[in-house]
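Novice: With the input below, show me the fold.
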Amino acid sequence: MEMTERGFCLKAPRNEIEYFGCWTLTHDIKPSEAKATFKNGLLTITVPLAKPMKGQKISIE
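Specialist: Prediction:
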C-alpha cells in the first residue's frame with residue numbers, strides 16, 4: 001500500500017487475480033501515522049487527520 005497526504009493506493013494479488021485501487025480523501029492526513037490490519041478477510045486502514053476538522057453543531061428539529 002502507498003499513502004500520501006491526500007489518499008492511498010492498494011494492490012493485492014490473490015491467486016490469479018490482482019486487485020488494485022486508488023482513493024482520494026477529502027481531508028489531508030498523516031500518512032506516517034497510518035496503521036493497517038487484515039483480519040477475517042477485512043482490511044482496516046486507520047490514519048489521523050493532519051488538521052482537526054472545524055465545524056458547527058446544528059440541532060435537528
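Novice: Regarding Ser32, what is its secondary structure?
Specialist: Classification of Ser32 using DSSP: H, G, I helix; E, B strand; the rest coil returns helix.
Novice: what's the spacing between it and Glu5?
Specialist: Distance of Ser32 to Glu5, computed by Cβ to Cβ, to the nearest Å: 10 Å. C-beta: built from backbone N, CA, C; applies to glycine.
Novice: ditto for Lys30
Specialist: 8 Å.
Novice: anything in contact with each of the two?
Specialist: Common neighbours of Lys30 and Glu5, counting by Cβ atoms under 8 Å, 6 or more residues apart in numbering, are Ala50.
Novice: can you pull out the strands in this structure?
Specialist: Taking DSSP state E to define them, one finds strands in the chain at 2-3, 7-14, 17-24, 35-39, 42-46.
Novice: Could you look over those strands and pick the most buried one?
Specialist: Most buried of the strands of the chain by mean neighbour count (mean count of other Cβ atoms under 10 Å) is strand 2-3; its value is a mean of 14.
Novice: That one: how far from the chain's middle?
Specialist: In terms of Cα atoms, centre = their mean, to the nearest Å, the centre of strand 2-3 is set 9 Å apart from its chain centre.
Novice: In CSV: the strands of the chain, plus distance to Ile60 and mean pLDDT.
Specialist: Formatted as CSV, the strands of the chain follow (distance: least, Cβ to Cβ, whole Å; pLDDT from 0 to 100):
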stretch, distance to Ile60, mean pLDDT
strand 2-3, 35, 94
strand 7-14, 31, 91
strand 17-24, 30, 94
strand 35-39, 33, 94
strand 42-46, 29, 93
